[in-house]
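A.B. asks: Predicted model and sequence follow; I will ask about them next.
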Amino acid sequence: MVARSLAPLFSTANSAQVDPSRLSESSVPHALVLKAVRLALVAGIGYYVGTRVGFALTPTGQPNSAFWPPNAILLACLLLAPRRIWWALLVAVIPAHFLAQLQAGVPAWTAGAWLASNTSEALIGAFCIGQFVRPTRVFDSVRGVFIFVLFGVLIAPFATSFLDAAGVVLTGWGRGYLSISAERFWTNALAELTIVPVIVLWASNGISWIKNATFSRFCEAGFLVLSTVLATFLVFGFEPILPSTTPILLFLPLALLMWATGRFGSGGLSLCLLIISVTAIWFVMHGREPFPSASLRQNVLSLQILLCTVVLPLMFVSAFMTEARHTQESLRRMSANLINAQEQERTRIGRELHDDVNQKLAMLSVQLEQLRENPADVHSRLQKLRQEVDDISSDVQALSHELHSSKLEYLGVVKGIQGWCKEFAERQRIEIHFRSDVTSVLPFEVGVSLLRVLQEAVHNAVKHSGVKHVAVQISQHSGEIHLTVNDPGKGFDIEAAMQGKGLGLISMRERVRLVHGTFAIKSRPMGGTTIDVRVPLSQDGSPHVAA
């Protein structure tokens, strides 16, 4: 329910953040306040509902809940919301927290301590995750899942569990500081693993999944959810025929989790795990003991540890499969763009040959014909004809150098690149400030990659930024060759350009990867563009060329 209400709100928030130029200066504060109010209401209501669910899943006479959703709900909301309105979400959860706590009979001092630990856990997790990965893309890569698990599931719950337990013990709500801390950690960790991915993925991709899913896909998803519910009831809701069959039945939900991972990724995995966790904990609290020789507290703790250890490797498998799908989509998109780029390049070469070189040759032919009819003008027109032949030769030579620069072979990499910069600057009537402190001979493979990146970067600067000055620098230090191309032009949105139909940035990155280099680009609208390429060299000066 919380995820369903978050989806349209956060999509609206993201669109407003991406294109603020559509709002007038007077409407920006009003829109920001409205957005903060809407998201704060969602966070407050979700936090209250999560707290009530947490108390409903608290064993009688125990200070710890078996499943505590409010921390995870707040963390998910913070990940999805811009940081500048985090304060609004935190303000909204304060009355929701005390209302739910006091309704459950929790003393005010204990409720205040739990408010500090709950909000601290969510803030620590959201802030640390946001420092390393884009929050809405945290479950799309192995690196993102690792950062989420490290900060959101391990560090933040571990650090705040001791604060949480201290509040319980000091206010007399429970006993056993270390045992309460351990139980709090596993309770919060399980909630983070199950709730955060469901909310974040639904708010980010839920609407698009519904629009693009086929009828068979909906049927498969419904059958998976139904099977998960039935399997959980079978394993945890009924007494087994033989006690020895309990360990075998515990593997039945694992098969469904693997199905969810393979077919629906992290979203399907977390949703199924959420169903299993809530249902299983409910049955354990009401007398169904999957581990007969253990007490109620031990059963709950064992079940929490079991679910956490099962889902962790599956989350990384899901992230790996998501990365593989994105790689395949990127390869398909790049292949299509490559074909289009080849056709565009052929069209450009054909246009230049037809409109420029061919027209000049035709004019030269007409003038030679006129000269043949009137040979007396040969001395007066010879210099002009020679100049036109030189112009045609220069055009053909420039076109040839765009396709293949022989200067790299005969003059060396640095001199060849410098020569290309000089020719391009004269032809386009711009200024290219070239600097280099490289004195050693660079490998031809490095030179070709650097030249192609430079050509693409300078062409883009002239075509899209409209600049008249470009700075190019080649340097060598720490066993690396550095190429930096800077223009003070209009700049652009890097992410939008990478996702577009153009092949320029992708081809530059792939060319650098062939020599095991790194490609970085910094740009923002009206802020200029800087491209930085670093290619490592071995001790003998040769590049580390990819196989």
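C.D. replies: In hand now; what should we look at? Numbers count the residues shown, from 1 in each chain.

A.B. asks: can you tell me which residue is nearest the centre of this protein?
C.D. replies: Arg137 (4.3 Å; Cα atoms, centre = their mean).

A.B. asks: Hmm, Ile147 and that one touching each other?
C.D. replies: No. At 10.9 Å, Arg137 does not count as touching Ile147 under the criterion of Cβ atoms under 8 Å. Yep, even glycine has a C-beta here, placed from its N, CA and C like the rest.

A.B. asks: Show me what the host helix or strand of Val458 is packed up against.
C.D. replies: For Val458, the element it lies in under DSSP states H and E is helix 444-460. Packing contacts for helix 444-460, counted by 3 or more Cβ pairs under 8 Å, 6 or more residues apart in numbering; DSSP states H and E, involve helix 407-410, helix 413-428, strand 469-477, strand 480-487, helix 504-514, strand 529-536.

A.B. asks: Looking at that helix now, give me its mean pLDDT.
C.D. replies: When pLDDT is averaged over helix 444-460, the result is 85.

A.B. asks: any idea of the angle that helix forms with helix 413-428?
C.D. replies: Interaxial angle, helix 444-460 versus helix 413-428 (axes from the mean of the first three to the mean of the last three Cα atoms, to 10 degrees): 20 degrees.

A.B. asks: Distance check, Ile147 against Leu154.
C.D. replies: To Leu154, Ile147 is 11 Å away according to Cβ to Cβ, to the nearest Å.

A.B. asks: between these two, who's got more neighbours?
C.D. replies: A direct count of neighbours by other Cβ atoms under 10 Å for Ile147 and Leu154 places Ile147 higher, at 18 against 15.

A.B. asks: so which strand or helix has the more buried one?
C.D. replies: helix 142-147.

A.B. asks: mind exporting whatever helix or strand comes next after that helix as PDB, just the C-alpha atoms?
C.D. replies: Using DSSP H and E, the next helix or strand after helix 142-147 towards the C-terminus is helix 156-170. C-alpha atoms of helix 156-170 as PDB (Å, rounded to 0.1, in the frame of the first residue of the first chain):
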ATOM      1  CA  ALA A 156      23.100   1.400  10.100                       C
ATOM      2  CA  PRO A 157      21.000  -1.300  12.000                       C
ATOM      3  CA  PHE A 158      24.100  -2.500  13.900                       C
ATOM      4  CA  ALA A 159      25.000   1.000  15.100                       C
ATOM      5  CA  THR A 160      21.500   2.000  16.100                       C
ATOM      6  CA  SER A 161      20.600  -1.300  17.700                       C
ATOM      7  CA  PHE A 162      22.800  -0.500  20.700                       C
ATOM      8  CA  LEU A 163      21.200   2.900  21.000                       C
ATOM      9  CA  ASP A 164      17.800   1.200  20.700                       C
ATOM     10  CA  ALA A 165      18.600  -1.400  23.300                       C
ATOM     11  CA  ALA A 166      20.000   1.200  25.700                       C
ATOM     12  CA  GLY A 167      16.700   3.100  25.500                       C
ATOM     13  CA  VAL A 168      14.800  -0.100  26.300                       C
ATOM     14  CA  VAL A 169      17.000  -1.000  29.300                       C
ATOM     15  CA  LEU A 170      17.300   2.400  30.800                       C
END
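
A.B. asks: Give me the contact list for helix 156-170.
C.D. replies: 63, 71, 75, 109-110, 112-114, 116-118, 120-122, 124-125, 128, 173-178, 180-182, 184-185, 188-189, 192 (Cβ atoms under 8 Å, 6 or more residues apart in numbering).

A.B. asks: got the buried residues for that helix?
C.D. replies: Within helix 156-170, the residues that count as buried by 16 or more other Cβ atoms under 10 Å are 156-165, 167-169.

A.B. asks: In JSON lines, list those residues along with pLDDT.
C.D. replies: As requested, the buried residues of helix 156-170 are arranged in JSON lines below (pLDDT from 0 to 100):
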{"residue": "Ala156", "pLDDT": "93"}
{"residue": "Pro157", "pLDDT": "92"}
{"residue": "Phe158", "pLDDT": "92"}
{"residue": "Ala159", "pLDDT": "89"}
{"residue": "Thr160", "pLDDT": "88"}
{"residue": "Ser161", "pLDDT": "85"}
{"residue": "Phe162", "pLDDT": "83"}
{"residue": "Leu163", "pLDDT": "80"}
{"residue": "Asp164", "pLDDT": "76"}
{"residue": "Ala165", "pLDDT": "78"}
{"residue": "Gly167", "pLDDT": "73"}
{"residue": "Val168", "pLDDT": "72"}
{"residue": "Val169", "pLDDT": "75"}
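
A.B. asks: ranges for the helices of the stretch 251-400 of the chain?
C.D. replies: Ranges of helices in the stretch 251-400 of the chain, per DSSP state H, counting those that start in this stretch, are 251-285, 296-352, 359-373, 378-403.

A.B. asks: The stretch 51-200 of the chain now?
C.D. replies: Going by DSSP H, counting those that start in this stretch, the stretch 51-200 of the chain shows helices at 70-80, 86-103, 108-132, 142-147, 156-170, 177-212.

A.B. asks: Please produce a markdown table containing the ones you listed, extended by distance to Gly527.
C.D. replies: Output for the helices of the stretch 51-200 of the chain, formatted as a markdown table (distance: least, Cβ to Cβ, whole Å):
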| stretch | distance to Gly527 |
| --- | --- |
| helix 70-80 | 27 |
| helix 86-103 | 26 |
| helix 108-132 | 22 |
| helix 142-147 | 27 |
| helix 156-170 | 35 |
| helix 177-212 | 27 |
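
A.B. asks: most tightly surrounded among the ones you listed?
C.D. replies: helix 70-80 (a mean of 29; mean count of other Cβ atoms under 10 Å).

A.B. asks: Helix 177-212 and that one, what's the angle between them?
C.D. replies: Using the same axes, to 10 degrees, the direction of helix 70-80 lies 50 degrees away from that of helix 177-212.

A.B. asks: Output the contacting helices and strands for helix 70-80.
C.D. replies: helix 2-18, helix 27-56, helix 86-103, helix 108-132, helix 177-212.

A.B. asks: Quick check: next helix or strand after the longest one?
C.D. replies: To tie it back to what came earlier, the one meant is helix 177-212. helix 215-236.
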